[in-house]
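Visitor: Any chance you could fold what I've pasted below:
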Amino acid sequence: MNIRTANGLPVSLGAAIKKEFAWIVDVKNVALKSAS
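Guide: Numbering: from 1, shown residues only. Sure thing, here's the model as predicted:
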């Protein structure tokens, strides 16, 4: 199954989920650093 990312490139669903998860983790880490 393929989905399209915001930039229009088709990626596998698994890769998209991993990418999204990594992005969420990055945002949380940045937020934690900013808060401390």
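Visitor: When you work out contacts or count neighbours from here on, use the C-alpha atoms and nothing else.
Guide: Noted.
Visitor: Quick check: which element contains residue 31?
Guide: helix 13-35 (DSSP states H and E).
Visitor: Averaged pLDDT, that helix. What do you get?
Guide: The average pLDDT within helix 13-35 is 87.
Visitor: Please renumber the chain so that the first residue is 375 from this point on.
Guide: That works, and once the first residue is 375, the last one we named lands at helix 387-409.
Visitor: So which bits of it are buried?
Guide: residue 390 (16 or more other Cα atoms under 10 Å).
Visitor: how about the CA coordinates for it, as CSV?
Guide: Taking Å, rounded to 0.1, in the frame of the first residue of the first chain, the C-alpha atoms of helix 387-409 are listed here in CSV:
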residue,chain,number,x,y,z
LEU,A,387,3.0,3.0,4.7
GLY,A,388,5.6,1.5,7.1
ALA,A,389,8.2,4.1,6.1
ALA,A,390,5.7,6.9,6.5
ILE,A,391,4.8,5.8,10.0
LYS,A,392,8.5,5.5,11.0
LYS,A,393,9.2,9.0,9.6
GLU,A,394,6.1,10.4,11.4
PHE,A,395,7.1,8.8,14.6
ALA,A,396,10.7,10.1,14.4
TRP,A,397,9.4,13.6,13.7
ILE,A,398,7.1,13.4,16.8
VAL,A,399,10.0,12.2,18.9
ASP,A,400,12.2,15.1,17.6
VAL,A,401,9.5,17.7,18.4
LYS,A,402,9.2,16.3,22.0
ASN,A,403,12.9,16.4,22.5
VAL,A,404,13.1,20.0,21.3
ALA,A,405,10.2,21.0,23.5
LEU,A,406,11.8,19.4,26.5
LYS,A,407,15.1,21.2,25.8
SER,A,408,13.3,24.5,25.4
ALA,A,409,11.3,24.0,28.6
